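Peer 1: structure, please.
(chains A and B)
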Amino acid sequence: MRTIGTTLRALSGAALLSLMACGGGDTAPSYTPPAPETPVATANEAATPHVALFTEADLKLGDIDPAMKEKGKTTYDVKCQACHSTGENRIVGPGWKGLTTKRKPEWIMNMIVHTDAMLETDAEAQKMLEECLVRMPNQNLSHDEAREVLEFMRTL
Amino acid sequence: MKHSIRTTSLFHFAALGALLVLNTLQGCRPTTTQAVVQGDAASKVYVRPGAYDEFYNFVSGGFSGQMSVYGIPSGRLLRHIPVFSQDPQSGWGYSEETKPMLTTTHGFIPWDDSHHPELSQTNGIPDGKWCFINGNNTPRIALVDLGTFRTKSIIEIPNCAGNHSSPFTTGNSEYVVAGTRFSIPMGADAERDVPIESYRENFKGTVSFIHPEPESGKLSIAFQIITPGMDFDLSHAGKGPSEGWFFFSCYNSEQAYSLMEVNASQRDKDFIMAVNWKKAEQYAKEGKGRKVPVEYYSNWWNEETHSGESTIMKEVLQLDPRELKDIVYFMPCPKSPHGCDVDPTGQYIVGSGKLAALIPVFQFSKIQEAIAKNDVEGDFAGIPVLKYQSVIKGEVKKPGLGPLHTEFDDKGFAYTSFFVSSEIVKWSLETLEPVDRVPTYYSIGHLCVPGGDSKKPWGKYVIAYNKITKDRYLPTGPELAQSAQLFSIDGDKMELLLDFPTIGEPHYAQALPAELVKPREVKFFDINKNKHPYLAKGEKETRIERKGKEVHIWMTTIRSHFTPDNVEGVKLGDEVYFHVTNLEQDWDVPHGFAVKGGATAELLIMPGETQTLKWVPDQIGVVPFYCTDFCSALHQEMQGYLRVSPAGSSVELKAETRSVDAGS
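Peer 2: Next up, the predicted model:
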C-alpha cells in the first residue's frame, strides 16, 4: 500500500485534480421526512403473539397421576423453584401450597404457557404483577410439561 | 488502504489524498457534499420504529478485531460480535469457557485485525448459515454462526504471516481460503532462522484450503499449496463455468523485502494466480501431497457444554505446484493488483491494479484455451505464466485512479471502488465502458452490494466503506469513527442516500436479505440440554466446594436473585470460580455478574447458559457482587455478599440464600 504513496507523490497534484470527478447534481438540499404509512407499533404489540388460551374444556382433572406428578416435580426444580416455594410464602412469586384451590386450572396453565398474554390481558395476573413487581418469566414449558407441573401443584 | 493506514508515511499520503479530494470538491462548487443528496433520500432509508431492515450487513471491525452487524437501509448498528478480541461487555476472552477460543501457538492472543467477512454459500448464493472472517495479524480464520451471532470456530493458519487474502469461499463452502500476505521461511528451526536478504532463496508463500465441517462448523486445513515467495492480497472463487477454480491477486513479484513501496512497484505487471482447486483436492485425496510437521490450534465452541475446546494440530498436507504441474497458473495483471473479483456468471475475473489506470477483465474460457495450447510467456519460479493478451476479454480504460475492489449487480454492471480519486465507478461487463460515477467521502476502500460477490447479487444498494472521515460528522477530537455510505443502484444513476459511522476500520463487508438469516435465530439455550460440567440445573444443585486453593461456586440467576447470595469461608490465597447458570428460559433475559475488584470483566450469561468467572481476592472483608444487566423492577436488589477471611482462617466454607420459607 505504501507503493501508492510513492506514485501519488510522483504525480503532480494538478494532474490528479483534473482527473477527479465532480459528481452529483445541484438539487437543493431539502427534504420532508415522510409520514409513517401505518401506525407505529409498540414494543408490546410486537412482542405479544395472538394465542389461544386454555379453557376449562381443555383440562380434565382426575385422580392424581403419580408419574405426571414426578415429571412435574422435576420441571419445577429446574424452571420454577427459584421463585415459587412449595409452602405458602412468596419468594418472588406466590407459594404453591393450596394454590390449586384458589385458582382455576386453566388460569394456572395459561400463566405458565401464555405468560405474556396473561400479563397483558388478565386482570388477576396484572394484580399479581402489582404485588410481586417482577414480571413472571415465560420459562418456555411445553403444554405437556405445564400440565405435569399442574399435577405436582395439585399435591401441595 | 487496507491494513497499513497507521504507518507514518502512509498517513501523510492519506491526509494528502483527503485534502486533494476536499480541494477538488471546493473547486466544483456549488456542488457541496450535502447537495449530492437527492430530495427523497430520507424516505428510502427510513425504517419506522419497530419495523425491520431489509438486509443484514456484516462489516469487518478492522483493528477492533471484531465484526459488526448493521441493518440496511437504515444503517442502524444491530450487534458488535466479539471474534478475535476480548470483549468486556460479554466476557468473551475473559470467562474461563471462552479463553480457549483465543488460544494459539503464541499463547493467549487477545486481539487481532479483522478484514474480510464472507458469507457461507450454497450453490454460489449466500445461505445465511455462517459468516467467516479473517484475523490478519496472528493468522486465523473464524466462523460466526448466524443462528447465535457468536463465534463458533477459530483456526490458526500455519506457514502464514499476515492472513490477508482470506477467507473467501467456494460455491458450497466446501472450503474457505487463507492466503499469506507475507512470504516467510518455513520448516524446521534452522530453515526458519535465515537472513532476510535470502528472501528469493528461502521465503515461500502458501494458500490454505480450510474445510468447515457442515454440521458442527469445526474448521480443519484440508491442504495447503506452497508458492513462490511474494505477497498474496485478495481472492475469490470461480463459479458457473469457472467453478472448481480459485483466483488470488499477488503483488511483489519483484520479491522485494525492504522499502516495499518502491521496490515492490518496479514491474509493469504482477499476477493473478489461478488455482484449479478441484484438481488440487483430487491430488490431496490421492496422497500426492507431503505431510509437513507444524503446530496450530483449531478452537471450537461446544454449544452443549457452553465451552470452547482447543485441539492442537501437528501436521499439514502441502501440495507443490512445481511438481503437480496443472494446479497453478499465473496471469499477468497490471501494477500490484489488489481486488480479485469474479462476476456473477463466473465468466470474468476482474483484477484491480491499485497503481494502474485501467482495469483488466480476464475471461475464463480464454484462460482455459491458453492452458490447453500452452500459450505461455515463460514461467515464474517454475510456475507457468500465461500470455496477458491471450487471457483478457479487454480492459476498462481510464476508469479512475487507484482501483481497489469490484462488486456486481444482477443487471450486468460492475461497481469498482477508486481509492485515489475517491469514487465508485459503474461500468458495463459487456462493453467495459464506464456508465456512471459518484464521489465518496472520503477515500473509499472496499464496497459491498448485497450478494455482490456471489451468483445472485440483490442489486439494490452499494455501500462504500471509506478510509477517511474528516468532516462528515460532528467532530470527536483527533480520533474519528470511520464512515460507510449507502447508495441506491436500482436506477440508472447511483444515488447517495445515507452516511453511517462504523466501528474500527471497516475493510470488506457483506450483506444479504434478512429473510435468509431471521428464521435461524436462537432465542435462548435449552437448559435441559446444558452439559456444562459446573451446571446448576435449578437452585437445588447450587453448592460450594473447596479443591485445595480453588473454591468453586455453582450459582444460579433468575429474576431477580442469585443463589447462593451469601458466601463465607473464602480466604486470601484462594482462587474463586463463580460458575453461573442463568435459569431463565425466555428471549432477551440475560443476567450479568460482576464482583468487586474483578481483574477480568463481567459475565453476561444468556438464558440456559453457564459461564465461569475466575476471581482472586486480594483484600480481607466483605465483597459485593451484583447483576449488571437490568433484568426486572427488582434488578437493583439482585446482589450478594462474599466474605474474605485471612489465609489460615477457620471460618467455615458455606454458601446459601436465606429463604423466606425455611420450612419448605
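Peer 1: Three-state assignment for the residue positioned nearest the centre of chain B, please.
Peer 2: Taking CA atoms, centre = their mean as the criterion, B:I133 is the residue nearest the geometric centre of chain B, at 2.4 Å. What DSSP: H, G, I helix; E, B strand; the rest coil gives for B:I133 is strand.
Peer 1: so what pairs up with it in the strands?
Peer 2: Beta bridges link B:I133 to B:A142, judged by DSSP bridges.
Peer 1: how close does B:A280 sit to chain A?
Peer 2: Counting by CB to the nearest CB, to the nearest Å, the separation of B:A280 from chain A is 30 Å. For glycine as for every other residue, the C-beta is placed from the backbone atoms N, C-alpha and C.
Peer 1: that residue - nearest residue in space that isn't next to it in sequence?
Peer 2: For B:A280, the nearest residue in space outside its immediate sequence neighbours is B:I327; the separation is 4.6 Å by CB to CB, 6 or more residues apart in numbering or on different chains.
Peer 1: report the buried residues of the lengthiest helix in chain A.
Peer 2: The single longest helix within chain A, with elements called by DSSP state H, is helix A:66-79. Using 16 or more other CB atoms under 10 Å in any protein chain shown as the burial criterion, the residues of helix A:66-79 that qualify are A:68-69, A:71-79.
Peer 1: that helix vs chain B: in contact?
Peer 2: Yes: Helix A:66-79 reaches chain B (CB under 8 Å from any CB of the partner chain) through A:77-79.
Peer 1: let me know the closest of the residues you listed to B:N276.
Peer 2: Distance to B:N276, by CB to CB, is smallest for A:V78 among these, at 54.8 Å.
Peer 1: so who does the closest residue to that closest one other than its chain neighbours touch?
Peer 2: In space, and not counting its chain neighbours, A:V78 is closest to B:G538: 4.3 Å by CB to CB, 6+ apart. With contact taken as CB atoms under 8 Å, 6 or more residues apart in numbering or on different chains, B:G538 is in contact with A:77-79, A:81-82, B:556, B:583.
Peer 1: contact partners for B:Y94?
Peer 2: Each residue near B:Y94 by CB under 8 Å, 6+ apart is listed here: B:86-88, B:600-601, B:613.
Peer 1: do that again at 7 Å, thanks
Peer 2: Contacts for B:Y94 were tallied using CB atoms under 7 Å, 6 or more residues apart in numbering or on different chains; they are B:86, B:88, B:600-601.
Peer 1: report the buried members of the residues you listed.
Peer 2: Members of the contacts of B:Y94 that pass the buried threshold by neighbour count (16+ other CB under 10 Å) are listed as B:86, B:600-601.
Peer 1: the residue nearest to the centre of chain B is in contact with B:L143, isn't it?
Peer 2: No: distance between B:I133 and B:L143: 8.4 Å, which falls outside the contact criterion (CB atoms under 7 Å).
Peer 1: and B:V37, what pLDDT?
Peer 2: Per-residue confidence at B:V37 stands at 75 (pLDDT).
Peer 1: next: A:S30.
Peer 2: pLDDT, A:S30: 41.
Peer 1: next one: B:S659
Peer 2: Value listed for B:S659 in the pLDDT field: 70.
Peer 1: number of residues surrounding it?
Peer 2: The burial count assigned to B:S659 is 14, neighbours taken as other CB atoms under 10 Å in any protein chain shown.
Peer 1: which stretches of the chain have low pLDDT?
Peer 2: No chain specified, so I'll use chain A. Low-confidence segments of chain A (pLDDT under 70): A:1-49.
Peer 1: look at chain B instead
Peer 2: The low-confidence ranges in chain B, as defined by pLDDT under 70, are B:1-36, B:660-664.
Peer 1: which residues in it form helices?
Peer 2: Taking DSSP H to define them, one finds helices in chain B at B:8-27, B:41-45, B:189-192, B:199-202, B:260-263, B:277-285, B:364-372, B:388-391.
Peer 1: again, but for chain A
Peer 2: Secondary structure of chain A (DSSP H): helices at A:2-10, A:13-19, A:43-47, A:66-79, A:99-102, A:105-113, A:115-121, A:123-132, A:143-154.
Peer 1: can you name the residues of the stretch 301-450 of chain B that neighbour chain A?
Peer 2: B:336, B:354-355, B:401-402, B:420-421, B:423, B:437-439 (CB under 7 Å from any CB of the partner chain).
Peer 1: out of the residues you listed, which comes closest to chain A?
Peer 2: For those, the residue nearest chain A by CB to the nearest CB is B:P439; the value is 3.6 Å.
Peer 1: and B:G477, how many neighbours?
Peer 2: Using other CB under 10 Å, B:G477 has 5 other residues around it.
Peer 1: for B:G382, same thing?
Peer 2: The burial count assigned to B:G382 is 12, neighbours taken as other CB under 10 Å.
Peer 1: can you tell me the closest non-neighbouring residue to it?
Peer 2: Nearest in space to B:G382, with sequence neighbours left out and distances taken as CB to CB, 6+ apart, is B:R322 at 4.2 Å.
Peer 1: what of B:D343?
Peer 2: When the adjacent residues along the chain are set aside, B:D343 lies closest to B:F408, with 5.3 Å between them (CB to CB, 6+ apart).
Peer 1: now B:F524: phi and psi?
Peer 2: phi -160, psi 170 (degrees, to the nearest 10).
Peer 1: correct me if wrong: it contacts B:E609.
Peer 2: No: using CB under 7 Å, B:F524 is not in contact with B:E609, being 8.3 Å away.
Peer 1: B:I272: what's it in contact with?
Peer 2: Applying CB under 7 Å, 6+ apart to B:I272 gives the contacts B:247-249, B:331, B:333, B:337, B:340, B:349, B:351, B:362.
Peer 1: from these, which land in strands?
Peer 2: Secondary structure assignment by DSSP state E places B:247-249, B:331, B:333, B:337, B:340, B:349, B:351, B:362 of the contacts of B:I272 in strands.
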